[in-house]
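Visitor: Sequence and predicted structure are below.
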Amino acid sequence: MAKRSLSFVCQSCGATTLKWAGRCESCGEWNTIQEEQEASGIGAGPKTASRSKGRVVPLVGLSGETKDAPRIITGVAELDRVTGGGFVKGSALLVGGDPGIGKSTLLTQASAHLAYQGHNIVYISGEEAVDQVRLRAERLGLRDAPVQLAAETSVEDILATLEAKKGDERAHLVILDSIQTLWTEMADSPPGTVTQVRASAQALVRFAKKTGTTVVLVGHVTKDGQIAGPRVVEHMVDAVLYFEGDNAHQYRILRAVKNRFGPTDEIGVFEMSDMGLREVKNPSAMFLSERSATAPGSAVFAGIEGTRPLLVEMQALVAPSPLGTPRRAVIGWDSARLSMILAVLEARCGVKFAQHDVYLNVAGGLRINEPGADLAVAAALISSLSGVALPLECVYFGEISLSGAVRPVAQAASRLKEAQKLGFGQAVIADGNMKEGSNALGQVKGLEELGDLVANIVASAQKMENA
């Protein structure tokens, strides 16, 4: 008979305590600690070896023949880009995103493409019935795809079904939607709790490594945008993909934040339509659509997301504030970074924002994490404050230091080449990047200090007044 041990587990971070508390001391979240029972003893986990001593493991050197991991090409180019060239056989992936963002739609399309290629695909849904999955496939025009469906939440039943297939019938890819709905007999906690999520994920990852089947787990996200459940699940899997987007926009961003078999910080861009998700071949043109040539406060940033150069519009609005403490609102960028840029503009360039509200937005719902966007943000802020529209055919990139210096960024040539492809003829960059991009565009100007950018915009404002 297995012994039962009582514990209190935080459903946000997975921390365990001996007694209940209103606030978790590890992550600081309120009302997330729940009472759980865990089975210990015989049958509570993986079988332990009966021998007292371990076996001798052979050691090899660093030199030797290495082979690339075999991959399954999905046929969805943007998904293959993010995963590093397709799904690696025997790997486990975790896909997270807000409800309704398109996770199930994307995986349904990918599974149908692979099934048409002759792969054995198993799609197991814990949230929807089989008929509901079929309705989605019919809406996407994939009703005839030879994908094997099931609606099940028991991990033991799922593994027994998958292990019953032998030889050519063995599944190549298994999609489980979602990990929060699964439960295992190894834990007495309800589905969705930290103990159940951890135990279920561990059993599925072990199955993937043992059989060579690729397992894709779908995960819910919390209100902060993080995948719900313990962080240990993200450590167990080989890749973690986040599906981002705003319900007000039709664009979706698939971002890799962890990948043992490929690059991280790579993104794939999709557009939600009536027929499902469509790949966006030229994301830069999409994010720059509907720009105004006369509106101040808009600057085009030439950035890099993974290996992909990407042009995006940075929008700023600076308005007099009726409040004692002006507002600072940011969408798609780091709010602490904006505070730093405002401080540098005031301390080093004499541009005052103390009596103004500042709003900053990244057009298209994209989130920028690159410090190279500092110069574009500063240009948009100065343009909005002065009321002078920046040149429509000019791009900006460069990192700003606390001293007011403009620092160079990596891959300047790729950024300028993407700008040239989209018809841009001017660029304002760091002086340290001039050697890489001096011949890329018709007019490239290098800046050493942020004050030079302020002087140029002020000079343009004076010319407009004199005209």
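Guide: That came in fine, so what should we check first?
Visitor: Would you map the helices across this protein?
Guide: Ranges of helices in the chain, per DSSP state H, are 77-83, 103-116, 130-139, 155-163, 194-211, 231-236, 283-287, 335-349, 374-386, 412-421, 434-437, 450-466.
Visitor: got TSV for these, with mean pLDDT and distance to residue 13 too?
Guide: For every residue, glycine as well, the C-beta is placed using N, CA and C. Shown next, in TSV, are those (pLDDT from 0 to 100; distance: least, Cβ to Cβ, whole Å):
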stretch	mean pLDDT	distance to residue 13
helix 77-83	92	26
helix 103-116	94	23
helix 130-139	94	32
helix 155-163	95	23
helix 194-211	92	8
helix 231-236	80	7
helix 283-287	83	34
helix 335-349	95	23
helix 374-386	95	32
helix 412-421	90	38
helix 434-437	76	43
helix 450-466	81	40
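Visitor: Might you list the low-confidence residue ranges for the protein?
Guide: The model of the chain has pLDDT under 70 over residues 1-5, 37-52, 222-231, 246-248, 437-440, 464-467.
Visitor: re the thing from before, can you tell me which of the helices of the chain is most buried?
Guide: helix 374-386 (a mean of 25; mean count of other Cβ atoms under 10 Å).
Visitor: tell me the angle it makes with helix 335-349.
Guide: For helix 374-386 and helix 335-349, the angle between their directions (axes from the mean of the first three to the mean of the last three Cα atoms, to 10 degrees) works out to 70 degrees.
Visitor: now for helix 374-386, which elements pack on it?
Guide: Here helix 374-386 is seen to pack against strand 298-305, strand 308-320, helix 335-349, strand 356-362, strand 394-397, strand 399-400, strand 426-430, helix 450-466 when contacts are counted using 3 or more Cβ pairs under 8 Å, 6 or more residues apart in numbering; DSSP states H and E.
Visitor: one more time with 6 Å, if that's ok
Guide: Applying 3 or more Cβ pairs under 6 Å, 6 or more residues apart in numbering; DSSP states H and E, one finds that helix 374-386 contacts strand 298-305, strand 308-320, helix 335-349, strand 394-397, helix 450-466.
Visitor: hang on, the earlier thing: export the helices of the chain as CSV, with columns for distance to residue 29.
Guide: Below are these laid out as CSV (distance: least, Cβ to Cβ, whole Å):
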stretch, distance to residue 29
helix 77-83, 30
helix 103-116, 24
helix 130-139, 32
helix 155-163, 27
helix 194-211, 12
helix 231-236, 13
helix 283-287, 34
helix 335-349, 21
helix 374-386, 31
helix 412-421, 39
helix 434-437, 46
helix 450-466, 39
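Visitor: Check the gap between residue 316 and residue 282 for me.
Guide: Per Cβ to Cβ, to the nearest Å, residue 316 is found 25 Å from residue 282.
Visitor: how many neighbours does residue 166 have?
Guide: By other Cβ atoms under 10 Å, the residues close to residue 166 number 7.
Visitor: re earlier: turn the helices and strands packed on helix 374-386 into TSV, columns for distance to residue 116.
Guide: Shown next, in TSV, are the helices and strands packed on helix 374-386 (distance: least, Cβ to Cβ, whole Å):
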stretch	distance to residue 116
strand 298-305	30
strand 308-320	27
helix 335-349	45
strand 394-397	41
helix 450-466	53
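Visitor: returning to what we had before: nearest approach to residue 22 belongs to which of the helices of the chain?
Guide: helix 194-211 (17.5 Å; Cβ to Cβ).
Visitor: Now do the closest one and helix 155-163, the angle between them.
Guide: For helix 194-211 against helix 155-163, the angle by the same axes, to 10 degrees is 10 degrees.
Visitor: mind saving the C-alpha coords of helix 194-211 as CSV?
Guide: Presented in CSV, the C-alpha positions along helix 194-211 are these (Å, rounded to 0.1, in the frame of the first residue of the first chain):
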residue,chain,number,x,y,z
VAL,A,194,1.4,21.2,-10.5
THR,A,195,1.9,17.6,-9.4
GLN,A,196,-0.3,16.2,-12.2
VAL,A,197,1.3,18.4,-14.9
ARG,A,198,4.8,17.5,-13.8
ALA,A,199,4.1,13.8,-13.6
SER,A,200,2.2,13.6,-16.9
ALA,A,201,4.9,15.5,-18.7
GLN,A,202,7.6,13.3,-17.3
ALA,A,203,5.9,10.2,-18.5
LEU,A,204,5.3,11.5,-22.0
VAL,A,205,8.9,12.8,-22.3
ARG,A,206,10.2,9.4,-21.2
PHE,A,207,8.0,7.8,-23.9
ALA,A,208,9.4,10.1,-26.6
LYS,A,209,13.0,9.3,-25.7
LYS,A,210,12.4,5.6,-25.5
THR,A,211,10.5,5.1,-28.8
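Visitor: coming back round to it: of the helices of the chain, which is nearest residue 300?
Guide: Closest approach to residue 300 among these (Cβ to Cβ): helix 374-386, 6.9 Å.
Visitor: roughly how far is that closest one from the heart of the chain?
Guide: Relative to its parent chain, helix 374-386 has a centroid offset of 27 Å by Cα atoms, centre = their mean, to the nearest Å.
Visitor: can you list contacts of that helix?
Guide: The contact list for helix 374-386 (Cβ atoms under 6 Å, 6 or more residues apart in numbering) reads 296-297, 299, 301, 314, 316-318, 341, 390, 396-400, 454, 457, 461.
Visitor: Quick check: which of the helices of the chain is nearest to residue 268?
Guide: In terms of Cβ to Cβ, the element of those nearest to residue 268 is helix 77-83, at 3.2 Å.
Visitor: For that closest one, name the packing helices and strands.
Guide: If you count contacts as 3+ Cβ pairs under 6 Å, 6+ apart, helix 77-83 packs onto strand 267-273.
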